[in-house]
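**Student:** 3D, please:
(2 chains)
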Protein chains: 2
Amino acid sequence: MLEKSRIVIENIKPIINCGAYAVKRVVNEIVAVNADIFGDGHDIIQASIFYKHEKERSWNETRMHPTVNDGWSGSFKVENQGAYEYYIQGWEDHGLNWRHGTIKKIEDGQQVNSELLEGAELLKPLLKKCSKSEAEFIKSAIASFTEPEKYEEAVNICLDSHLEAIFLKYPIKAVPYESQKIPVYVDREKARFSTWYEFFPRSSSSQEGRHGTFKDCEKILPRIAEMGFDVLYFPPVHPIGEVNRKGKNNSTTAAPDDVGSPWGIGSQKGGHKDLHPQLGNIKEFKSLVQKAKELDIEIAMDFALQAAPDHPYVKEHPKWFKWRPDGSIQYAENPPKKYQDILPIYFESEEWKKMWTEFRDIVLYWIEEAGINIFRVDNPHTKPFYFWGWLIAEVKKKHPDTLFLSEAFTRPKIMEQLAKQGFTQSYTYFTWRNHKHEIIDYVNELTNTDLKEYFRPNFWPNTPDINPFHLQGANESMYMIRYFLAATLSSNTGIYGPVYEFMISDAIPGKEEYHDSEKYQIRHWDWKAENKLMRVIARINQARKENSSLQQTNNIHFCEIHDDGMMAYYKYDEERQNNTLMVVSLDPHNSKQASVKVPRHELSLDFGQNIRVEDLITGNSYNWDQEWCFVELHPGMPFHLFKIHKN
Amino acid sequence: MLEKSRIVIENIKPIINCGAYAVKRVVNEIVAVNADIFGDGHDIIQASIFYKHEKERSWNETRMHPTVNDGWSGSFKVENQGAYEYYIQGWEDHGLNWRHGTIKKIEDGQQVNSELLEGAELLKPLLKKCSKSEAEFIKSAIASFTEPEKYEEAVNICLDSHLEAIFLKYPIKAVPYESQKIPVYVDREKARFSTWYEFFPRSSSSQEGRHGTFKDCEKILPRIAEMGFDVLYFPPVHPIGEVNRKGKNNSTTAAPDDVGSPWGIGSQKGGHKDLHPQLGNIKEFKSLVQKAKELDIEIAMDFALQAAPDHPYVKEHPKWFKWRPDGSIQYAENPPKKYQDILPIYFESEEWKKMWTEFRDIVLYWIEEAGINIFRVDNPHTKPFYFWGWLIAEVKKKHPDTLFLSEAFTRPKIMEQLAKQGFTQSYTYFTWRNHKHEIIDYVNELTNTDLKEYFRPNFWPNTPDINPFHLQGANESMYMIRYFLAATLSSNTGIYGPVYEFMISDAIPGKEEYHDSEKYQIRHWDWKAENKLMRVIARINQARKENSSLQQTNNIHFCEIHDDGMMAYYKYDEERQNNTLMVVSLDPHNSKQASVKVPRHELSLDFGQNIRVEDLITGNSYNWDQEWCFVELHPGMPFHLFKIHKN
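**Tutor:** Numbering: from 1, shown residues only, chains lettered A, B, ... in the order given. Just a heads-up that it's a prediction; the model follows:
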């Protein structure tokens, strides 16, 4: 290792797995960079961040400044979608070092004639780089430095901050050292701020007993828009397998009129690039996507890599499945359980490259053919991690607008790994975090550890697979609390409706599963019905749209509130001067009172300066002139969503 | 990134800077490896550590086992000096996975005929690898698996743990993944356990006013050996510069008879490869090194890369120094301070490669010519870090016995970086850590963070440069306390004598510097004198030699003791079943009493099982049958060094 540099750069942050995976940001976010940077000896060192978008030809440089304990920090803004890289350069700064030492000697009363000659040598090469007016200053400096009679003037120039400015602007970089390059991936803003609604399009019909269609879905769009959702996610809309189809309530024998699970993809009617004929054709699907767009709603598709036994893949690509010595095909299983309606993809297949390409092409097809830009990926943790890393990178290279939500409710390291491989957003354990301290611990883990750099949580109170115990038989207050928490703790949130807003939680006893689940049958809903919960959801979503502090997750800070059944937290957006404060009761049955500690220091409130808090749900305002402020919440409206106004 | 494997391996420990620097061990130590390892889906995975000494041709494999949260752990022993590498391999284990799933199905009452056929396919290739007796078992398994009549027998073989043993011994590794290779460097044991004594050889004369010689030093060796030291470190023994030589007490004007600082290296009498003529010649030096070895003492040399103005380098290699525009040579300076007796090496020189080679050759010269194996490096932090990384690696490649002690009393990140670059041991902040909580914090930082993997502390209560305030005018008790702490907290320790054992602390007022420092003048000592402190030091060192638990640093654990002026800690060596318990008062003036909490759980004591603690300094023994045991310490013997005997 022959390396002449005298600079060490280490402990760079942010970085994921030594640079193996990209740090994530959305457009116009800041990348705040920290590192330990030092040289040998006492000389003055300096450092810069160099960063570049993949389409830029040359690197942008921004200077870093020292903090404590040999730490340096700096930052840059990522203004464009796509891949960035950054690295740090450190150097012995001959110009600043010379000036610093010379001034010390002048102040000590030493003669600095020899130092002045050195200074002149350092300045000469800068003449080639600097502006005209700077050149004049430099020339006069050189003249006085090299002329013994002008000693007095030379000393004054040394002390002049103009000289420091010159050396800062045109650093003389000796023995520079460059760190490794660190990848950053920048998404569009929706990666960070999105409000999801999921429903089964086959349940969209206004007429009981009729299979819903894309056309029916169009009629429901205004309802979704009014509630304030901007992503509408559909379970798979592909042809459903007919062999070994599941019946109602997941029974292994299907009645002739059973519609099967949309996740049992593929039949003689087609596979992953086809639409279930009963929903409609591609033209109707595209019309729906278009209509949704007009209401600022993006349709998200499900990407579930598995096949029904009658999926066309089985005949076309037999090697993509595992065949057993008795000549049968391998069904999905988690011994002793068997899932005979599903064939897993055999990723250890010798044809893996061909297979990967086809799967990528499915995604590209829906992007390019139907204008889809968001995919919710089903069970990504049962497919190889490196496959996802490759697929997501391939798709985003062509379509950087594409977002992928990882539906992996599994062990922490696996969920984190999928995010590292490139998933834009991830489902979380929020669904099961109900108590104050476990919510705080979990949110702090997501927002105050390395996770904040690559794992974007999406908080869902329920999904078609999870009818959590605390929502089973719960009252309206509980539904309000859970949506409020999801939508204000996390800037990405979603619900599975209309069971959510209709508060339908009929469960299979002892399980967190819906009875008569739409996964296996069509349900009929009154799509015209309205209720208080829907209006509350709409107002929460409206507040999210109007307050930039609610459009981020990592900006959350919990406030002290001395009641284990109440929580308070605030979010700030320094750039846009938007601050919100949330106070919520976790008790859906009783009134709760407590005092909240106002984050006066964090809000930079002067002594005597007060705030007015404006409840964005009720419209009420309160003047808060104490550090600890009293709050009372009732089950009928178990939270405050305050906008903070500084008086 | 096309990677077919289904395995992820990350968060590997130990590793330094993503593998840029080697983890450190001494011979026969264990490298305990931990990592997060997981695959997609539910299949059973397995993992191994592969490791190899640089001189071995093939890799050794040792299996890992799962812990919690997708963590896996394993370990290997490093038995030879030199460079090792290790990496982790993980795989989907087709054999174990097949058996696991099949047993689940059997237990569920399912027919497994098809599974048995799969099992037979998996077993066939193992016949090529296994022993004769194993082959018989495998053949009978295959026969029953493929013969429907033998279904009963086949099921029994499935359940037989022999089959599991076969699959564990001959793993069927599908889609294996291998981590990066991680370097480990293994030193001889002295890297971890050493007891240093420093004195100025020119002060070795028994006759006042006469310049000491290597011959005089030989006479002092038995004294050093009796005190129990095994490294004798000398300040530089090279010719001392005569130009701008420093006078007594660091005065800038030297009297004609002033001897100068040994760190002002080089004169017309020679440079770094020469000996100061007044000390003796190379033959005499070698004789001293040999005599020391006979007493189990290694002589450590000082390696100080700087030159007096009359060093031969200045004429031979003018480009290795910095010349100023006025034609003068650059002296060492830290503006406004100037050190005109010293020229720093100009490491930015264009001749840097030639220079690096010469400096390496100095070290090689003393190793090969005089049999020196330990170097204390002076101010390494004022020379480039990468230079040290290169030099140490180059020297150790040829002479792996060589140890380097980093004399860098500077900022934490810099001290750590030098250790990363390869320094075997490092001076520490112990010299200034006096209070209970700062000592505990510091030792925990050294032994419970990543530092333990690469930074080997050497605790010195004093050095020629540091006469710490708490030793100035201190009593005998304080000197006992400080040596006891240094020698029992850290397995590497050292003192600068004979000022230490003679308790001479005459200081320059307001500074932590010795008055009449031996750095600038010869001192006359009564090398025959003996005292209690010396006997105490000798007994502490004897205890260190006889108790393996004291020969390590990272095995320390602090015990509760409810007095801020008292500390208790124990060290264990599980392998050799050696446990020691230290109790020390930090008050050199008053008696102290408190109860110590015996680490009964950590000592694996059964209920009712007691211990006897044997004080290795006084010889007294106590039976301790309580969890909290009373201790009283007096300034006359302010500590216990207990060996723990389990009754």
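**Student:** Assumed A:E369 was part of a helix.
**Tutor:** Yes. The assignment for A:E369 is a helix, going by DSSP: H, G, I helix; E, B strand; the rest coil.
**Student:** ok, it - contacts?
**Tutor:** Each residue near A:E369 by CB atoms under 8 Å, 6 or more residues apart in numbering or on different chains is listed here: A:I282, A:K286. For the C-beta atoms, the positions are set from N, CA and C on the backbone; glycine is no exception.
**Student:** before we move on, what about the one 5 residues further on?
**Tutor:** The neighbours of A:I374, taking CB under 8 Å, 6+ apart as the test, are A:K190, A:V231, A:Y233, A:E298, A:I299, A:A300, A:M301, A:T402, A:L403, A:F404, A:L405.
**Student:** Can you report how many residues neighbour the nearest residue to it once chain neighbours are set aside?
**Tutor:** Take A:I374 and drop its neighbours on the chain: the residue closest to it by CB to CB, 6 or more residues apart in numbering or on different chains is A:A300, 3.7 Å away. When neighbours are counted by other CB atoms under 10 Å in any protein chain shown, A:A300 registers 23.
**Student:** what sits up against the helix or strand that contains A:A300?
**Tutor:** A:A300 is located in strand A:298-303, with elements delineated by DSSP states H and E. Applying CB under 8 Å, 6+ apart, the contact partners of strand A:298-303 are A:190, A:196, A:230-237, A:262-263, A:288-289, A:292, A:362-363, A:366, A:372-378, A:403-405.
**Student:** And it, how far out from the chain middle?
**Tutor:** Averaged C-alpha coordinates place strand A:298-303 at 17 Å from its chain's average position (CA atoms, centre = their mean, to the nearest Å).
**Student:** What is whichever helix or strand comes after it packed up against?
**Tutor:** Remark: after strand A:298-303, the chain's next helix or strand is strand A:306-307, criterion DSSP H and E. Using 3 or more CB pairs under 8 Å, 6 or more residues apart in numbering or on different chains; DSSP states H and E, the elements in contact with strand A:306-307 are strand A:343-344.
**Student:** can you give me the mean pLDDT across the strand it packs on?
**Tutor:** Average pLDDT, strand A:343-344: 96.
**Student:** same question, stretch A:326-339
**Tutor:** 89.
**Student:** still on that earlier bit, now intersect the contacts of strand A:298-303 with the strands, please.
**Tutor:** When DSSP state E defines the strands, the subset of the contacts of strand A:298-303 inside them is A:W196, A:V231, A:L232, A:Y233, A:I374, A:F375, A:R376, A:V377, A:D378, A:L403, A:F404, A:L405.
**Student:** what's the helix or strand that contains A:L581 packed up against?
**Tutor:** According to DSSP H and E, A:L581 maps onto strand A:578-585. If contacts are counted by 3+ CB pairs under 8 Å, 6+ apart, strand A:578-585 sits against helix A:476-489, strand A:566-573, strand A:592-597, strand A:628-633, strand A:639-646.
**Student:** Now with 7 Å, please.
**Tutor:** In terms of contacts (3 or more CB pairs under 7 Å, 6 or more residues apart in numbering or on different chains; DSSP states H and E), strand A:578-585 is packed against helix A:476-489, strand A:566-573, strand A:628-633, strand A:639-646.
**Student:** Out of these, which gets nearest to chain B?
**Tutor:** helix A:476-489 (23.7 Å; CB to the nearest CB).
**Student:** And the helices in chain A?
**Tutor:** A:94-107, A:113-123, A:132-145, A:151-159, A:161-169, A:214-226, A:282-294, A:312-316, A:352-370, A:385-398, A:412-420, A:436-448, A:476-489, A:532-546 (DSSP state H).
**Student:** Out of those helices, which one sits most buried?
**Tutor:** Most buried of those, by mean neighbour count (mean count of other CB atoms under 10 Å in any protein chain shown): helix A:476-489, with a mean of 23.
**Student:** just checking, what packs against that helix?
**Tutor:** strand A:492-496, helix A:532-546, strand A:578-585, strand A:639-646.
**Student:** between the third one and strand A:639-646, how many degrees?
**Tutor:** What it means is strand A:578-585. Angle of strand A:578-585 versus strand A:639-646, following axes from the mean of the first three to the mean of the last three CA atoms, to 10 degrees, is 150 degrees.
**Student:** Strand A:578-585: partners in the sheet, and parallel or antiparallel?
**Tutor:** strand A:566-573 (antiparallel), strand A:639-646 (antiparallel) (DSSP bridges).
**Student:** Just give me how far the last one sits from the chain centre.
**Tutor:** Taking the mean of its C-alpha atoms, strand A:639-646 sits 25 Å from the chain's own mean (CA atoms, centre = their mean).
**Student:** Please identify the buried residues of it?
**Tutor:** Buried residues in strand A:639-646, counted by 16 or more other CB atoms under 10 Å in any protein chain shown: A:F639, A:H640, A:L641, A:F642, A:K643, A:I644.
**Student:** OK, contacts around the last one?
**Tutor:** Neighbour list for A:I644: A:N579, A:T580, A:L581, A:L603, A:I611, A:V613 [criterion: CB atoms under 7 Å, 6 or more residues apart in numbering or on different chains].
**Student:** Kindly report the same for the fifth one.
**Tutor:** Remark: with contacts taken as CB under 7 Å, 6+ apart, A:K643 is in contact with A:N547, A:T580, A:E614, A:L616.
**Student:** What is the nearest of the contacts of A:I374 to chain B?
**Tutor:** Nearest to chain B among the contacts of A:I374, with distances taken as CB to the nearest CB, is A:F404, at 16.0 Å.
**Student:** can I assume A:R612 is in contact with A:N647?
**Tutor:** Yes. In terms of CB atoms under 7 Å, A:R612 counts as a neighbour of A:N647; the distance is 5.9 Å.
**Student:** between these two, what contacts are shared?
**Tutor:** Common contact partners of A:R612 and A:N647 (CB under 7 Å, 6+ apart): none.
**Student:** who has more neighbours, the two?
**Tutor:** Higher neighbour count among A:R612 and A:N647: A:R612, with 15 against 11, using other CB under 10 Å.
**Student:** any low-confidence regions in the stretch 301-450 of chain A?
**Tutor:** Nowhere does the stretch 301-450 of chain A drop to pLDDT under 70.
**Student:** Correct me if wrong: A:I414 contacts B:F38.
**Tutor:** Yes. The criterion here is CB under 7 Å, and A:I414 meets it with B:F38 at 5.9 Å.
**Student:** OK, contacts around the residue sitting nearest the centre point of chain A?
**Tutor:** By CA atoms, centre = their mean, chain A has its centre lying nearest to A:R456, at 3.2 Å. Going by CB under 7 Å, 6+ apart, A:R456 touches A:K24, A:A191, A:R192, A:T424, A:Q425, A:S426, A:N492.
**Student:** hmm, 8 Å instead?
**Tutor:** Contact analysis of A:R456 by CB under 8 Å, 6+ apart lists A:K24, A:A191, A:R192, A:A419, A:T424, A:Q425, A:S426, A:N492, A:T553.
**Student:** Can you give me the distance of the closest residue to A:F639 other than its chain neighbours to B:D36?
**Tutor:** Of all residues not flanking A:F639 in the chain, A:V584 sits nearest, at 4.0 Å (CB to CB, 6+ apart). To B:D36, A:V584 is 35 Å away according to CB to CB, to the nearest Å.
**Student:** packing partners for the lowest-mean-pLDDT helix or strand in chain A?
**Tutor:** Least confident helix or strand, chain A: strand A:337-339 with a mean of 87, by mean pLDDT, DSSP states H and E. If you count contacts as 3+ CB pairs under 8 Å, 6+ apart, strand A:337-339 packs onto strand A:332-334.
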